[in-house]
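Novice: I need the structure of the sequence given here:
(2 chains)
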Amino acid sequence: MKKNKGWFILFVGPILLAFLVVQIIPIFIGMYYSFTDWDGIGNQANWVGLQNYIEIFTQDEGFLHAFAFTTIFAIVSVFIINIIGFGLALLVTKEMKGNNFLRGIFFMPNLIGGLILGFIWQFIFIKAFDWIGAQLGVSALQGWLSTTMTGFWGLVILMSWQLSGYMMVIYISALQGIPESLKEAAAIDGANYLQRLRHIIIPLVAPAFTVGIFLSLSNAFKLFDQNLALTNGGPYNSTQMLALNIYSTAFTYNKLGLAQAKAVIFLFTVAIITLTQLYYNKKKEVEM
Amino acid sequence: MWKKKIKKIVLFIFSILLAVLFLSPLYIVFTNSFKTQKGIFMNVLSLPFGPFFTLENYKEAFIQLNFIHSFKNSLFITIFSTVFIIIFASMAAWMLVRTKTLYSQFIFFLFAASMLIPFQSVMLPLINVMGWLKMLHPVGLIFIYVGFGSSLSIILYHGFIKGIPKALEEAAIIDGCNTFQVFWKIIFPLLKPTTVTVSILNTMWIWNDFLLPQLVINKPQWHTIPLRMFYFFGQYSKKWNLALAGLVIAMIPIVIFYLSAQKHIIKGVTDGSIKS
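Specialist: Alright, predicted model coming up:
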């Protein structure tokens, strides 16, 4: 088969072409555009050096705020999503009636697109919460999404609702891989449930935690549709996350060069954070 | 014995309560979509009975969403993108596994590394490039989906193909098959489990995608369901009765898809996440 360079090109070529045109070439063009005053799709762009990057770190408070907001959001939601996901997985792997049915329900939100999810929760927070709050006289339930705090927790709730079922199926497959004999042996030795969880189950499913944290972390950092549909960054851009900030810099303010410089920073941030997490967790897996 | 039984019952009730909690947002949206504007205002948690019950929301939303049309657009784009991804990703992955050269390894590495690229970091230059190529139309969009879907699909196929013994192919070559026939007659049928996974993951992602269609084919006659939903919601954000009916309509295809292939979907999603 070695002689067949032609076959190689025929088999790999088509998708490689699409891949290069769609992902690799735009990355390099994007790096170039981040040093220009590009102000519209198809428009001329003039070289301005580091100006965009300087502007981001000295004048653009919106971006720095979005950066901080996204980071806090990612930390909080990754924590909550994985704890709920793991808890659900423990629950539905117990011998119980209607197990599969429950799994199906917990997983379902994950299939609905982010935009529709955002609109659904907008109704829940703005109308349903408000009405329930009024009936019960709980003012904490009223005025959701109109403050930064409720916008933040609204996004966390939405994201947890959507992704914890996803994490659940990952943890289920890991839990099912634990040999029954190991758990029984520990039980015979007198280990209670929490001890078994701590010393047997969690160490053995550690690789699944690496995956679960990786997926929820990168999803949280890249969140866009849900952010757009639920709060659209409001009030006053205080719940605007990184992806939405880039989008609005480009299409609301027509500063595409500036947006592209943010996009380059975004790219490196996501790559560094997720790779660091993978490295750290993999190391921990071995130690456990 | 008794203690165990009580524990089981408590756990069961707890699970049911959790399931109810998970479903409650959808339940609230569904019941309120049958109410008049006033009915929603009066009581969010009631069932749609009496004078507040209406089907008008659905009639109006169905027309405003131009549902049949946007459904067809979504279906067209999703099916063609997924089919092309399956064809070209499986072919490429097989060739990359069977060719043990430095550039073959490098190409695979490039596909794998690109998994980290967030869409927003390439979207602006991408639209520019597609503009130069005169590809800002549905066919161009399908091309883009093939480019973005390539990484994960190739990784999944690559992982599976590595486990297939080479002897099978060698026998077919001796029988006189060329490389093309070896792949489509011998290898591709063996890849079925991965093909199911790849098609489910790509279908879900492409069907629900909003930003790419918005940037590439933002013309009313080419609106997909998420895109149409976005404008519809913007237009009726004060008329919750219509907006909710629209949301329910937009979710129907996904729910049907889920109910008909739940097992495959959950397996596909699990495989996809663990191998990536």
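
Novice: quickly find the element holding B:Leu201.
Specialist: With secondary structure defined by DSSP states H and E, B:Leu201 is part of helix B:192-208.

Novice: what sits up against that helix?
Specialist: Contacting residues not belonging to helix B:192-208 are listed as A:111-116, B:74, B:77-78, B:81-82, B:85-86, B:89-90, B:145, B:149, B:152-153, B:156-157, B:160, B:188, B:225-226, B:253-254, B:257, B:261, B:264-265, B:267-269, B:271-272 [CB atoms under 8 Å, 6 or more residues apart in numbering or on different chains]. All C-beta atoms are positioned from the backbone trio N, CA, C, and that covers glycine.

Novice: report the distance from it to the chain centre.
Specialist: Its chain's C-alpha centre and that of helix B:192-208 lie 7 Å apart, by CA atoms, centre = their mean, to the nearest Å.

Novice: now stretch B:170-177: average pLDDT?
Specialist: Taken as a whole, stretch B:170-177 carries a mean pLDDT of 86.

Novice: was I right about A:Leu158 contacting A:Thr231?
Specialist: No - proximity of A:Leu158 to A:Thr231 does not meet the contact threshold set by CB atoms under 8 Å, at 9.7 Å.

Novice: which ones are touching B:Lys267?
Specialist: Residues near B:Lys267 by CB under 8 Å, 6+ apart: B:196-197.

Novice: just confirm A:Leu145 is within a strand.
Specialist: No - secondary structure assignment places A:Leu145 outside any strand; it is coil (DSSP: H, G, I helix; E, B strand; the rest coil).

Novice: next one: the nearest residue to A:Gly40 once chain neighbours are set aside relative to B:Lys38, how far apart?
Specialist: In space, A:Gly40 comes closest to A:Asn254 once its chain neighbours are excluded; the distance is 5.8 Å by CB to CB, 6 or more residues apart in numbering or on different chains. The gap separating A:Asn254 from B:Lys38 is 42 Å, by CB to CB, to the nearest Å.

Novice: who's more crowded, those two?
Specialist: Neighbours per residue (other CB atoms under 10 Å in any protein chain shown) separate A:Asn254 from B:Lys38, with A:Asn254 holding more: 15 against 10.

Novice: isn't the more buried one up against A:Asp39?
Specialist: Yes - between A:Asn254 and A:Asp39 there is a contact under CB under 8 Å: 5.3 Å.

Novice: what ranges does chain B have for its helices?
Specialist: With DSSP state H, the ranges of helices along chain B come out as B:2-32, B:37-42, B:56-64, B:67-98, B:102-113, B:123-132, B:138-161, B:167-174, B:179-181, B:188-190, B:192-208, B:211-216, B:225-235, B:240-275.

Novice: make JSON lines from these and add distance to A:Leu136 to it.
Specialist: Shown next, in JSON lines, are the helices of chain B (distance: least, CB to CB, whole Å):
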{"stretch": "helix B:2-32", "distance to A:Leu136": "16"}
{"stretch": "helix B:37-42", "distance to A:Leu136": "16"}
{"stretch": "helix B:56-64", "distance to A:Leu136": "28"}
{"stretch": "helix B:67-98", "distance to A:Leu136": "37"}
{"stretch": "helix B:102-113", "distance to A:Leu136": "52"}
{"stretch": "helix B:123-132", "distance to A:Leu136": "44"}
{"stretch": "helix B:138-161", "distance to A:Leu136": "46"}
{"stretch": "helix B:167-174", "distance to A:Leu136": "67"}
{"stretch": "helix B:179-181", "distance to A:Leu136": "68"}
{"stretch": "helix B:188-190", "distance to A:Leu136": "60"}
{"stretch": "helix B:192-208", "distance to A:Leu136": "35"}
{"stretch": "helix B:211-216", "distance to A:Leu136": "39"}
{"stretch": "helix B:225-235", "distance to A:Leu136": "29"}
{"stretch": "helix B:240-275", "distance to A:Leu136": "21"}
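
Novice: quick one: low-confidence parts of the stretch 151-288 of chain A?
Specialist: Per-residue confidence for the stretch 151-288 of chain A (pLDDT under 70) gives these ranges: A:286-288.

Novice: how deep is the residue of it found nearest chain B tucked in, by neighbour count?
Specialist: Here the stretch 151-288 of chain A gets closest to chain B at one residue, A:Leu267, 3.8 Å apart by CB to the nearest CB. The tally of other residues near A:Leu267 (other CB under 10 Å) stands at 19.

Novice: what residue in the stretch 1-150 of chain B comes nearest to chain A?
Specialist: Using CB to the nearest CB, the closest approach of the stretch 1-150 of chain B to chain A is made by B:Gly147 at 2.8 Å.

Novice: OK, contacts around A:Leu162?
Specialist: To be clear, residue A:162 is Gln; Leu isn't right here. Residues near A:Gln162 by CB under 8 Å, 6+ apart: A:109-110, A:112, A:114, A:117, A:226.

Novice: between the residues you listed, which is closest to chain B?
Specialist: Closest to chain B out of these is A:Ile112 (5.9 Å), distances taken as CB to the nearest CB.

Novice: where's the closest one relative to B:Gly272, distance?
Specialist: Applying CB to CB, the value for A:Ile112 to B:Gly272 is 18 Å.

Novice: tell me which parts of the stretch 51-200 of chain A are close to chain B?
Specialist: By CB under 8 Å from any CB of the partner chain, the part of the stretch 51-200 of chain A that sits against chain B consists of A:88, A:91-92, A:94, A:96-98, A:102-116, A:119-121, A:123-124, A:127-128, A:131-132, A:161, A:165-166, A:169-170, A:172-173.
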